[in-house]
Structures are given as structure tokens and as C-alpha cells.
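[1] Just the structure for this:
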Amino acid sequence: MAPKPELVRFAAAPTGAGGWRAMRDIDGTLPGRGAYLCRVGANDQADNDCLRLAVQRGGLQRTLRRTVALPADLNSALSLESENR
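    Numbering: from 1, shown residues only. Below is the predicted model:
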């Protein structure tokens with residue numbers, strides 16, 4: 001397990017349509033459970049391989065204890081990476 005400063009926290013936030021969205025919690029201040037994923041370098045971006053595995057295996061939703069959608073920027077990053085493989 002990596003030290004907390006080397007990870008990116010995600011938290012579930014309501015979408016307003018009765019659903020939930022996983023959001024990057026850069027400041028670590030969003031309420032509720034958090035899911036921690038590998039960070040890329042010094043920026044606040046999650047490692048795409050780590051995020052892809054968390055989504056495919058259901059780890060992100062299991063940790064947040066609810067069905068969550070990914071923000072569009074993360075979905076597009078994962079889609080582009082899977083097309084390049």
C-alpha cells in the first residue's frame with residue numbers, strides 16, 4: 001500500500017438526477033467514503049491503468065458502496081487508452 005500523499009482520492013457525489021458520480025477529491029474534503037487510487041507523478045491525476053482496473057473489477061463502486069458513473073474526462077481517457085492497445 002502506498003502512502004496517502006502518493007494516492008488520489010475519489011468520493012461519490014450526487015448528480016441531481018438521483019444517481020451518483022465518482023469525483024476526484026483533491027483537497028480530501030468531500031463527505032463520505034473515499035476510494036484511493038495510484039497517482040501519476042506530482043499532479044492530481046489517477047493512473048489510467050489503476051483506474052481502468054478499479055472500474056473493470058468493480059473496486060471503485062464496491063469501495064464507495066454505490067453505483068457511480070465516471071466524469072466525462074475520465075471516461076474519455078479510459079476509452080482512448082483501450083483503443084490504443
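[2] show me where this protein has helices.
    Under the criterion DSSP state H, helices of the chain are mapped to 48-56, 59-64, 72-84.
[3] can you pull the contacts of the residue nearest the centre of the chain?
    When Cα atoms, centre = their mean is applied to the chain, the residue found nearest the centroid is Phe10 (4.9 Å). With contact set as Cβ atoms under 8 Å, 6 or more residues apart in numbering, Phe10 has these partners: 22-25, 34-37, 46, 60, 64. Heads up, the C-betas are built off the backbone N, CA and C, glycines and all.
[4] swap the cut-off to 7 Å and go again
    Contacts here follow Cβ atoms under 7 Å, 6 or more residues apart in numbering; on that basis Phe10 touches 22-25, 34-35, 37, 60.
[5] One more: Asp47?
    The contact partners of Asp47, by Cβ under 7 Å, 6+ apart, come to 37-40.
[6] How about Leu60?
    When contacts are taken as Cβ under 7 Å, 6+ apart, Leu60 is in contact with 10, 22, 35, 54, 68.
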